[in-house]
Structure formats: structure tokens, C-alpha cells
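dropping a prediction and its sequence here:
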Amino acid sequence: MKNDQARATNPTGGPRGLLWATIGGVVALALVVVAIVALVPAAPSTPGSAAEDPVGIGRPASSLLELANLGVSHTRMPDFALTDQRGKPLSLSQFAGRAVVLSFNDDQCEDLCTLLAQDVAAADHDLGARAKDVAFVSVNANPYYPAVDAVKTWTDAHGLASASNWYFGTGPAATLASVAKKYGVPITLHAKSRTVDHGAQLFFIDPKGDEAQVGGFGTGAASTTLFGHAMAQLAVSLLPAAEGGPVGGPAMTASAKASAQLGDSPAPAQLPSLGTSSSLIGTTPAAGKYEVINFWSSTCTACVQELPEMQSEFVKDGRTVEFIGVDVSDAAGSAVAFAAHAGITYPLAADRSGTLAGEFQITGLPYTVILDPAGTVLVRHPGAFTAEQLDYVLDTFDPALGGS
């Protein structure tokens with residue numbers, strides 16, 4: 001069931017509003033600057049000043065993380081007493097000496113919060129041995145499902161069971177509400193559907209327990225490799241100088257020259273259609289439309305689950321969003337049979353030599369790139385999308401899609 005959607009606006013020219021999440025595939029946006037001002041007073045700054053980038057992670061990464069222009073606040077963050085997914089006591093104070101990335105997460109969510117799970121996994125990969133110095137802590141935002149089994153099930157289902165530095169805390173409904181209030185995170189309850197809307201803030205907390213930055217996991221979180229890398233780099237920058245320094249993973253700087261990175265406008269390309277048709281399929285979005293380009297192959301195990309999800313979203317938004325499936329380095333017969341079995345009805349192109357995948361710097365399959373109507377790269381998402389995740393991203397970019 002669709003909920004009314006409130007979209008982010010910026011009438012004052014200040015930092016973009018952070019995001020709200022809703023389970024069930026529809027994610028609404030709202031301004032929550034008021035909620036965080038009580039915690040962190042904004043510091044004045046000028047373009048290019050240290051206050052804009054106090055930890056030196058670079059403007060592209062800052063934009064991905066939706067960092068508010070708040071400077072370094074040195075505000076002591078409230079402690080709490082919860083129980084994690086392992087059934088063990090969980091408090092902020094237990095992480096003294098470690099950097100903490102704190103979020104509020106719905107243990108029934110299948111869209112936005114699942115992207116956060118993928119980002120944490122990517123961040124841990126880039127942290128390597130330094131993962132022991134960084135804790136990813138999440139507080140259950142859904143009081144209708146407060147059991148330890150609920151946060152454990154969500155953790156296991158979203159690939160974080162083996163992450164020793166992931167802690168998903170829960171507790172009685174009144175306790176969860178109290179923690180959210182202390183952190184200024186808005187939560188709206190829907191008793192009939194047992195769902196919630198919740199703020200998508202990310203609190204970056206230094207080893208002393210002080211807040212260093214507030215960010216958010218919004219549409220940028222769908223660019224998992226880069227978003228996870230930015231989280232890892234920002235967290236490590238909060239550690240003592242001797243423990244800091246660059247983390248692994250993709251370099252993300254403002255001077256990146258790759259033709260299909262975030263914010264770039266790739267050169268238009270045409271590929272032959274998959275199958276017997278002799279028509280060509282282009283990668284330039286039609287006027288006024290967003291474009292989803294999904295790279296896949298019949299030899300890709302994860303693509304078996306993802307292609308029907310893509311088709312489901314195409315059925316919903318295909319009249320206003322362009323979908324292109326790009327089969328990479330595949331035998332034509334196998335690819336056609338694979339797509340037919342998945343029930344795909346949107347245009348499919350054949351990239352038999354992998355040329356387009358190379359130009360887009362596709363690192364594995366499946367992989368999805370989303371372009372805006374001007375042809376600018378908005379999302380680079382390695383791995384499978386679910387229909388709920390993709391629906392969240394598209395509805396956020398274009399509010400009109402929420403009613404389609």
C-alpha cells in the first residue's frame with residue numbers, strides 16, 4: 001500500500017534534508033534539519049573551508065554521504081542500553097576507543113535499509129584489518145518487532161551475520177522511542193500496517209564518544225562500492241593519526257576522469273538488440289526520462305534472482321522510466337533463453353565483446369547504472385537490486401513515479 005510522500009526541499013539554501021525510510025517499497029523524503037540542530041549547532045563556513053570537509057574525505061564522498069555542513073561538533077552522544085542480535089548487552093560506551101557509525105534501521109525493511117547493509121559489507125571490505133577499530137551500530141526503529149530474533153533474522157538475511165563489528169540493537173518499545181528522541185531521529189508509527197517511517201541519519205562518532213559528522217543514507221547509498229568506501233574512509237579519519245590514513249577500495253576524488261562515474265555524462269552508445277532483431281538500442285535517455293541500464297549474463301547466478309525484480313519494476317514504471325538490459329559477453333542463444341525464462345519484456349541489448357561494460361567500468365555482474373534525463377550518472381550499484389530497492393531510488397529521483 002502506498003503512503004503519501006513528502007519530498008525534500010531546500011527553501012533556505014542550507015544543507016539538503018536527510019532522508020526518511022518506509023518499509024514496503026515506498027520511501028518518503030522529509031527535512032529533518034530541525035531534528036539535528038538540537039544536537040549540533042551549524043558552524044559558518046565559506047566554500048572550500050575546512051568546516052565543509054573537516055575530515056578531508058573529499059567533496060564527492062561528502063555528497064554521497066549527505067554530510068550536513070556542520071563542522072566538528074564535539075557533542076557527547078547519548079548512551080543507551082539495548083540488546084544486540086547476538087543477545088548481548090549493547091551500549092555506545094562499550095565502543096570507547098573505536099570509531100562508530102550509528103544508524104536507525106527498521107528490522108522489517110526491504111528497501112532503503114537493505115542498501116545500508118550492503119554498504120556496511122562494502123565498508124568492511126575496504127577497512128580490512130582496521131575493521132576492528134570501527135563499529136557499525138544500528139538501533140531498531142520498528143517497535144512493532146522488538147524481539148532479538150527479529151534483528152537477528154534481518155542481520156542474517158542481509159549478509160551481515162559474519163560481520164563481527166555489526167551491532168543491531170533492540171529493546172522494549174519505550175526504550176527504542178527514548179533512544180530515537182535523544183538522537184533527534186523522527187519516527188512515525190503506522191499501527192494498522194505495523195510499519196514505520198524513520199530518519200535515515202548516519203552519526204559518525206569519534207573514539208571519545210563525540211559526534212564528528214551527521215550524514216544520511218539516501219539515494220547515494222545505492223552506489224554501494226563508493227558509498228561503503230566513503231563510510232570506511234570517514235570512520236577511519238576519526239581514529240588517532242597513527243591509526244588513520246587511506247582505506248582500501250576505489251579512489252574517490254573530485255578529479256576522477258572515468259567516463260561513467262557518478263556525476264559524469266557517458267558518451268552515447270548503441271548496441272545491437274539481443275536476439276534476431278537487427279535494431280540498435282541506445283543508452284541516451286529519452287527526453288524527460290530516467291534510464292536504468294542493467295548489465296547481466298546468463299552465466300551470472302545472482303542475475304537469476306535479479307532479472308524478475310527488474311521486470312517487476314519495469315511493469316510499474318516502464319511508461320515513464322527507460323529500462324535497458326545489457327547482456328555481457330554471452331552466447332546469443334543462452335542469453336535469449338535466459339531472458340525469456342525470466343519473463344523480460346523491456347529492450348535487451350547484446351554487448352558480446354564487453355565493450356560497453358568496459359566503458360562503464362563494470363566490475364562484476366549484475367551491475368546497474370541509472371542516468372538522469374540529461375544523461376548524467378546518478379547511481380552505480382554493483383550486485384543485485386530488489387524491486388523494492390529500485391522502486392525507492394526511482395521514486396526518490398522522480399516524485400511523480402510514486403503514483404504510477
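That came in fine, so what should we check first?

contacts only, for the residue nearest to residue 87 when sequence neighbours are not counted.
Leaving aside its chain neighbours, residue 87 sits nearest to residue 148 (5.4 Å; criterion: CB to CB, 6 or more residues apart in numbering). In this view, the C-beta of every residue, glycine as well, is placed from N, C-alpha and C. Residues counted as contacts of residue 148 (CB atoms under 8 Å, 6 or more residues apart in numbering) are 83, 84, 85, 87, 170.

beta partners of residue 369?
For residue 369, the beta-bridge partners are residue 293, residue 380 (DSSP bridges).

so how far is residue 321 from it?
Distance of residue 369 to residue 321, computed by CB to CB, to the nearest Å: 13 Å.

intersection of neighbour lists for those two?
Common neighbours of residue 369 and residue 321 (criterion: CB under 8 Å, 6+ apart): residue 292.

quick check, residue 279 in contact with residue 273.
Yes: assessed by CB atoms under 8 Å, residue 279 is found in contact with residue 273 at 4.9 Å.

what about those two, which has more around it?
For the pair residue 279 and residue 273, the greater number of neighbours falls to residue 273 (14 against 10), based on other CB atoms under 10 Å.

so that one sits against residue 325, correct?
No: using CB under 8 Å, residue 273 is not in contact with residue 325, being 10.3 Å away.

anything in contact with each of the two?
Counting by CB under 8 Å, 6+ apart, the shared contacts of residue 273 and residue 325 are 347, 348, 349.

any idea which of those residues has the most stuff around it?
residue 349 leads the shared contacts of residue 273 and residue 325 on contacts (other CB under 10 Å) with 24 neighbours.

need the three-state assignment for that residue.
For residue 349, the assignment made with DSSP: H, G, I helix; E, B strand; the rest coil gives strand.

okay, and the beta partners of it?
Going by DSSP bridges, residue 349 is paired in beta bridges with residue 273, residue 326.

show me the strands in the stretch 51-200 of the chain, by range?
Assigned by DSSP state E, counting those that start in this stretch, the stretch 51-200 of the chain shows strands spanning 75-76, 82-83, 89-90, 99-105, 134-140, 166-169, 187-190, 195-199.

picking up where we left off before, which two of the contacts of residue 148 have the greatest separation?
Farthest pair in the contacts of residue 148 (CB to CB) is 87 and 170. Separation: 10.3 Å.

the more surrounded of those two?
More crowded of residue 87 and residue 170, by other CB under 10 Å: residue 170, with 29 against 10.

now the more buried one, nearest residue through space, not along the chain?
Excluding the flanking residues, the one nearest residue 170 by CB to CB, 6+ apart is residue 140, at 4.0 Å.

which residues are in contact with that neighbour?
By CB under 8 Å, 6+ apart, residue 140 lies in contact with 82, 104-107, 146, 150-151, 168-171, 176.

now do 7 Å
Neighbouring residues of residue 140 by CB atoms under 7 Å, 6 or more residues apart in numbering: 105, 107, 146, 151, 168, 169, 170, 176.

closest to residue 396 out of these?
Nearest to residue 396 among these, counting by CB to CB, is residue 105 at 17.9 Å.

and for the closest one, the neighbour number?
Neighbours of residue 105 using other CB under 10 Å come to 28.

so it bridges to which residues?
residue 140.
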